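Novice: structure, please.
(one chain, ligands or ions: 1)
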Amino acid sequence: MRTQHYIAGAWCDSRGAEAGTQRLAVFNPADESLLAEVALGAAADVAAACEAAAAAQPGWFDAGPAVRAAALRRIANGVQNRAAELARLQSLNNGKPLAEAQLDVADVVSCFAYYAELIEAAPAEVDVPLPDPAFVARVRREPCGVVGLIVPWNFPMVTTAWKLAPALAAGNAVLLKPSEVTPLPELALAQIVHEAGLPAGVFNLVIGTGAGVGAALVAHPLVRKLSFTGSNAVGTRIAQSAAEQVKGLSLELGGKSAIVVFDDADLDAACELAMAGAFMNAGQMCSATSRVLVHRPIAQAFTERLVAQATALRLGDPLAEGTQMGPLASRAQLERVQAYVRIAAEENLARLCGGERIGTRGHFFQPTIYADVPGSSRLWREEIFGPVMCLRTFTDEAEAIALANDSDYGLVSTVATADPGRATRVANAIAAGLVWVNMPQLIFPQTAWGGMKRSSMGRELGPWGLAAFQQLKHVVQPRAAS
Ligand code: NAD
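Specialist: A predicted model of the protein is given here:
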């Protein structure tokens, strides 16, 4: 597999003073073995990629929507044709069970296919009727130019596709920086983009750390738009840096989302939703519903079910059939989760299950549940990004809504109830960018993704995700005499 940067249509080693001497080690989180040593880039690689992108971008836009849509379809087909290999690579590098990685790959395919369709259908220009018939006006959608895409390690290929597909569709040229923890899925995707035959320079990938490559990308003057998915700490720094050059910016940040389970809900189904919401991807989801709000009349029965299911979850080799939860994606993430378990002990939280690392090789951690977690607890307020669920009971609808909204974040929420009126009321009252009612966390590329409060700035997916990579131009002139 390729382990170099992809710049100006070619695979290449690092440039600059340390050209090719420094490599980035990439590990398998399930057994801590070395998977690959890949190129480790720096500012010189970012500069080369930005220059290649700036040179290629006008031609890519001028080629027109049909050409760009065809390229996106070739990428979608390329991903589809290698679905098995890509899913395996995601499991190996990130540690998620193979079944979850397969869902990710399917999501990537549908995202590229959707934006191919949308860019052909969406009008690039609209006439705007004016009150004064002496003038005619039109508004054009133009690309931003060179765009920088920075993604995390928890859904490597998915977070990339949600940015890359609309950015390319709109006619931008791209510099992608994958996470230094999981660059392998993006390297495989870059090979597919290469085979799709995009003009050299339209797509570039530079591997490296946030400080080495990410910061250089954010600061590069040729980059006109940044789209970032990751932590609030880094997102805030990027926003500050982007402000200096007044760059366009989209941010997809953290969450501390709630699932609200009412006493009329189908308890088996609600339990399944709560389990997946907290423990899928070992809880390393921005959309994790790690705060579980349970209606008091069913609290005991529901809690017993949750604990029984959490204790029975099959942890193990992500590639093995039947594995329900893999390891955390890195040692740093394991240590972070362990630190929160220590905080829980200091806060005297009631632990119902879990709390321990499993084994000594691989970053496995038990599904962990705390009961009656007060609103002041750090475990209730902070994004842990691991398999840690916090429970709390409520007495009525108003309290459920108040507790769900008692957060700095507002990414998603889930509501479980048999009462359609209540479902609508609660969904409308919860401050979150997406509310699932009685259903798992399905995401359709046609809809909007993003959160309220500190979770997001802007939206991905759907036409909103395309608009994020476009800028408007208004052209107005006197009406020609007929
Ligand atoms: P992170 O912020 O540490 O890193 C994300 C990316 O930013 C990485 O590629 C990293 O190398 C890069 N980076 C780090 N410092 C940088 C800098 N100074 N300048 C530019 N780039 C820099 O996040 P992570 O640990 O990889 O991912 C976990 C976080 O991502 C969680 O907070 C999670 O909620 C969030 N997330 C959000 C969404 C969403 O859609 N809202 C989706 C997935 C993950």
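Novice: rest of the way, CA atoms for contacts and neighbours
Specialist: Will do.
Novice: and stretch 223-241, how far apart are its ends?
Specialist: For stretch 223-241, the first-to-last residue distance is 12 Å (C-alpha to C-alpha, to the nearest Å).
Novice: that should have said stretch 389-405, apologies.
Specialist: The straight-line separation of the ends of stretch 389-405 (C-alpha to C-alpha) is 17 Å.
Novice: chain center to that stretch, what's the gap?
Specialist: 27 Å (C-alpha atoms, centre = their mean, to the nearest Å).
Novice: again, but for stretch 114-128
Specialist: In terms of C-alpha atoms, centre = their mean, the centre of stretch 114-128 is found 25 Å from the chain centre.
Novice: what's the answer for stretch 432-452, then?
Specialist: Counting by C-alpha atoms, centre = their mean, stretch 432-452 comes out at 13 Å from the chain centroid.
Novice: mind listing what's buried in it?
Specialist: 432-438, 441, 445-446, 448-452 (16 or more other C-alpha atoms under 10 Å).
Novice: same check, this time on stretch 352-364
Specialist: Leu352, Cys353, Gly354, Gly355, Arg357, Gly362, His363, Phe364.
Novice: kindly report the same for stretch 187-200.
Specialist: Of the residues in stretch 187-200, those buried (16+ other C-alpha under 10 Å) are Leu187, Ala188, Leu189, Ala190, Gln191, Ile192, Val193, His194, Ala196, Leu198, Pro199, Ala200.
Novice: how about stretch 290-298?
Specialist: Buried, per 16+ other C-alpha under 10 Å, within stretch 290-298: Ser290, Arg291, Val292, Leu293, Val294, His295, Arg296, Ile298.
Novice: what does the longest helix along the chain contact?
Specialist: Once the chain is assigned using DSSP state H, the helix that runs over the most residues is helix 98-121. Contacts to helix 98-121, defined as C-alpha atoms under 8 Å, 6 or more residues apart in numbering, come from residues 65-66, 68-70, 72-73, 75-77, 79-80, 83-84, 86-88, 90-91, 155, 157-158, 161-162, 165-166, 169-170, 281, 318-320, 445-446, 463, 466.
Novice: now swap in stretch 8-15 and tell me
Specialist: Contact with stretch 8-15 is made by 2, 4-6, 19-20, 39-42, 44-45, 49, 52-53, 194, 199-204, as judged by C-alpha under 8 Å, 6+ apart.
Novice: quick one: end-to-end length of it, please.
Specialist: With C-alpha to C-alpha, one end of stretch 8-15 sits 13 Å from the other.
Novice: model confidence over that stretch, on average?
Specialist: What stretch 8-15 shows for mean pLDDT is 96.
Novice: what does stretch 144-152 give?
Specialist: 98.
Novice: distance from that stretch to the middle of the chain?
Specialist: Counting by C-alpha atoms, centre = their mean, stretch 144-152 is centred 14 Å from the centre of its parent chain.
Novice: report whether it contacts the ligand.
Specialist: Yes - Stretch 144-152 reaches the ligand (C-alpha under 6 Å from any ligand atom) through Ile150, Val151, Pro152.
Novice: most neighbours among the residues you listed, which one?
Specialist: Val151 (27 neighbours; other C-alpha atoms under 10 Å).
Novice: just read off the phi/psi values of that residue.
Specialist: With angles defined as degrees, to the nearest 10, Val151 sits at phi -130, psi 160.
Novice: what residues are up against it?
Specialist: Applying C-alpha under 8 Å, 6+ apart, we find Val151 in contact with Thr159, Thr160, Lys177, Pro178, Ser179, Phe228, Thr229, Gly230.
Novice: wait, the fourth one touches Pro156, no?
Specialist: Okay, so that is Pro178. Yes - using C-alpha atoms under 8 Å, Pro178 is in contact with Pro156, at 7.3 Å.
Novice: those two: who's more crowded?
Specialist: For Pro178 versus Pro156, the count of surrounding residues by other C-alpha under 10 Å is larger for Pro178: 29 against 22.
Novice: ok, and the closest non-adjacent residue to that one?
Specialist: Nearest residue to Pro178, sequence neighbours excluded (C-alpha to C-alpha, 6 or more residues apart in numbering): Val151, at 5.3 Å.
Novice: then Arg331?
Specialist: Nearest one to Arg331, counting by C-alpha to C-alpha, 6+ apart, is His363 at 6.3 Å.
Novice: so the one you found touches Glu335, yeah?
Specialist: No - using C-alpha under 8 Å as the test, His363 is too far from Glu335 to be in contact (9.1 Å).
Novice: below-threshold pLDDT in the chain: ranges please.
Specialist: 17-20, 482 (pLDDT under 70).
Novice: same thing but at 90, please
Specialist: 1, 16-22, 122-124, 481-482 (pLDDT under 90).
Novice: centre-most residue in it?
Specialist: What sits nearest the mean C-alpha location of the chain, by C-alpha atoms, centre = their mean, is Thr159, with 3.9 Å.
Novice: the stretch 1-150 of the chain: helices as residue ranges?
Specialist: Applying DSSP state H, counting those that start in this stretch to the stretch 1-150 of the chain gives helices spanning 43-62, 65-81, 83-94, 98-121.
Novice: make JSON lines out of these and add distance to the ligand and mean neighbour count.
Specialist: Converted to JSON lines, these look like this (distance: least, C-alpha to the nearest ligand atom, whole Å; neighbours: other C-alpha atoms under 10 Å):
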{"stretch": "helix 43-62", "distance to the ligand": "12", "mean neighbour count": "22"}
{"stretch": "helix 65-81", "distance to the ligand": "21", "mean neighbour count": "21"}
{"stretch": "helix 83-94", "distance to the ligand": "11", "mean neighbour count": "23"}
{"stretch": "helix 98-121", "distance to the ligand": "12", "mean neighbour count": "21"}
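Novice: with distance to Gly458 added, can I get these in TSV?
Specialist: Shown next, in TSV, are the helices of the stretch 1-150 of the chain (distance: least, C-alpha to C-alpha, whole Å):
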stretch	distance to Gly458
helix 43-62	23
helix 65-81	23
helix 83-94	27
helix 98-121	18
